[in-house]
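[1] Show me how the following folds:
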Amino acid sequence: MKMPFSLYAVLLLAISVTGCKQKPGKEKPTAIHGQSVDVSSLKRERYDLPERLYAEMADTSADLKQLEGLLKDLKKIKADSLKEFQSFDNENSRFYATLISKLAGIQDTSLRAATRKAVDTSLAHYHHLTHDWTSLNKEIAQKQALINDLYLILKITRTTAFMQQYQQLYFPSTTAAETVNKNMDSIINRLDSLIKGVSQ
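    The predicted model follows:
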């Protein structure tokens, strides 16, 4: 089940027009400010700022916190609802795979062909029996893939909008750097003057 391109376009346009509901406060977000960062863990894995920033936003945003709860509940009930059939299907799949491998032990070709036909008939019956479950599993997998895509888009758009506002609020002044730059010009001139004085 693919999400129509027009729906993606509407989603992205809505984010770009309305911006992020959660604006940066006076204090920088922990994920950006660097507080509570475990240096040892950074050596083992790449520091994923968007993920950490989203997690911090989800802790303080009511709509994101609610969404995280829904996703957590969905993960649990989905696993529970599919577990029994998956176990049942795995048992039957292993049974028929083993059964088919045993056919090679029948030396008489006509008997082997007749037995294979009986096994194939039984397997076809099993596939017919589980058709609805198989279709349901496929549909659930497609919807899960769509949820994963939309969840990633949400993280990208929310954190991007947040960072754009953060950039506006915390854009550093060039005053200090300009002063240093002028001081460097002065030192360069002084050095040049001293060097010329030695050579004269």
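
[2] Going by C-alpha atoms from here, please, whenever you check contacts or count neighbours.
    Will do.

[3] With V180 as the reference, measure out to L194.
    21 Å (Cα to Cα, to the nearest Å).

[4] and S110, what element?
    Assigned by DSSP states H and E, S110 falls within helix 109-129.

[5] average pLDDT for that helix?
    Averaged across helix 109-129, the pLDDT comes to 97.

[6] List of residues touching stretch 64-76?
    Residues from elsewhere that reach stretch 64-76 (Cα atoms under 8 Å, 6 or more residues apart in numbering): 57-59.

[7] ok, now with 10 Å
    If you take Cα atoms under 10 Å, 6 or more residues apart in numbering as the criterion, stretch 64-76 is touched by 54-55, 57-59, 61-63, 80, 144, 147, 151, 154-155.

[8] From the chain's centroid, how far away is it?
    Centroid separation for stretch 64-76 versus its chain: 15 Å, with Cα atoms, centre = their mean, to the nearest Å.

[9] Please apply the same query to stretch 179-194.
    51 Å.

[10] With stretch 82-93 instead?
    Averaging C-alpha positions (Cα atoms, centre = their mean) puts stretch 82-93 28 Å from its chain's average.

[11] what do you get for stretch 129-136?
    29 Å.

[12] Return the set of buried residues in that stretch.
    Residues W133 are the ones in stretch 129-136 that count as buried (16 or more other Cα atoms under 10 Å).

[13] Please apply the same query to stretch 50-62.
    50, 52-55, 57-58.

[14] Any chance of TSV for those, columns distance to K76 and secondary structure?
    Listed next are those as TSV, based on distance: Cα to Cα, whole Å; DSSP: H, G, I helix; E, B strand; the rest coil:
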residue	distance to K76	secondary structure
P50	25	helix
R52	23	helix
L53	25	helix
Y54	22	helix
A55	20	helix
M57	23	helix
A58	20	helix
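
[15] Which one of these is nearest to T30?
    Relative to T30, the closest of the buried residues of stretch 50-62 is L53; by Cα to Cα it sits at 8.0 Å.

[16] Go ahead and confirm the closest one touches A161.
    No: counting by Cα atoms under 10 Å, L53 stays clear of A161, with 11.8 Å between them.

[17] What segments of this structure are helices?
    Listed in chain order, the helices of the chain (DSSP state H) span 5-18, 30-33, 39-44, 49-60, 62-102, 109-129, 131-170, 175-199.

[18] Point to the residue nearest the middle of this protein.
    Nearest to the mean C-alpha position of the chain, by Cα atoms, centre = their mean, lies L152 at 5.2 Å.

[19] quick one: it from E51, how far?
    L152 sits 10 Å away from E51, going by Cα to Cα.
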